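# no letters, just coordinates:
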């Protein structure tokens, strides 16, 4: 498997092991991972640190020129917040582990010129479906349902 | 002036006084401010805590039913990240201090059923224009330019 998606899955598994929401992400700049993260709703009580946001936050302050050469890998289709953040920073490409569990704003991203690749990875699906079976209320909170 | 917009402006001024980006926000639930915040790029080195995001973060974890009865007040038109977050949580109304300095995703919000009110407040415009004259590079970084 792609090493970057694998790194995002490892982040998701860290989140699951900590009792959190198992969604992970890595930000890759010219082949190098510059930020790794996973959903922090449970661990940090955060309502903004989805996996993608946590990866961006951990990458630190970057100039636009860096974001514009990045690929964001995420285990799950990005929600409106994370998709808006991709648009804000002009990240040109997103690789998504799966979108069966949750369909994010892929159409909006594509309509704004972002390249969206969906891998349909079985491990990503399995992890989310197990989590949702175990903690459906937590999942609903995370997606505003 | 509307007391909630005034509270958002006070947040923006706090940010300016701390050497940060002067954009503030408050989240109001049934007439009560449940979260206040301002842009934390300089103060916390954050790339995700715009004013609106900081207000939501400071409001803490809330059920969807609370967000769906909230109004978000912000001194500046919300960027794609903040607009996506409004959509994620189903916040039905946004009151914006001004959109002359920066036009955010107001059309997207309206197209998804969010009520968007632009106040065109002179204090909000003045504060941003002064800041951008003083620190144009910091402003560009914040909006991914």
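Happy to help now that I have it. Everything numeric here is computed off the predicted structure, so don't read it as measured data.

# what about stretch A:24-38, how long is it end to end?
4 Å (Cα to Cα, to the nearest Å).

# touching it from outside, list them.
Identification of contacts with stretch A:24-38 by Cβ atoms under 8 Å, 6 or more residues apart in numbering or on different chains yields A:4, A:7-15, A:20-23, A:39, A:49, A:51-60, A:62, A:66, A:69-75, A:91. (Glycine included, C-beta is placed from N, CA and C.)

# of the residues you listed, grab the buried ones for PyMOL.
Those of the contacts of stretch A:24-38 that count as buried under 16 or more other Cβ atoms under 10 Å in any protein chain shown are selected in PyMOL with:
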select buried, chain A and resi 4+7+8+9+11+12+13+14+15+20+21+22+23+39+49+51+52+53+54+55+56+57+58+59+62+66+70+71+72+73+74+75+91
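
# check the contacts of stretch A:24-38 against chain B, which are close?
Among the contacts of stretch A:24-38, the ones lying near chain B by Cβ under 8 Å from any Cβ of the partner chain are A:49, A:53, A:56-57, A:59-60, A:62.

# which ones among those residues map onto strands?
Among these, no member is found in strands (DSSP state E).

# how close does the closest residue to chain B within chain A get to residue A:105?
Minimum separation of chain A from chain B (Cβ to the nearest Cβ) falls at residue A:84, amounting to 2.5 Å. Distance check for residue A:84 against residue A:105: by Cβ to Cβ, to the nearest Å, it reads 8 Å.

# from residue A:17, how far out is residue A:104?
From residue A:104 to residue A:17 the distance is 24 Å (Cβ to Cβ).

# what about the two, which has more around it?
residue A:104 (24 against 9; other Cβ atoms under 10 Å in any protein chain shown).

# let's see the pLDDT reported for the more buried one.
With respect to pLDDT, residue A:104 scores 98.

# please report the distance of residue A:94 from residue B:31.
The spacing between residue A:94 and residue B:31, counted by Cβ to Cβ, is 39 Å.

# neighbour count for these two, which is higher?
Set residue A:94 next to residue B:31 and count neighbours by other Cβ under 10 Å: residue A:94 wins out with 26 against 8.

# OK, contacts around that one?
Shown in contact with residue A:94 (Cβ under 8 Å, 6+ apart): A:71-74, A:78, A:86, A:109, A:114-117.

# ok, residue A:73 next?
Going by Cβ under 8 Å, 6+ apart, residue A:73 touches A:2, A:4-5, A:7-8, A:25-28, A:94-95, A:97.
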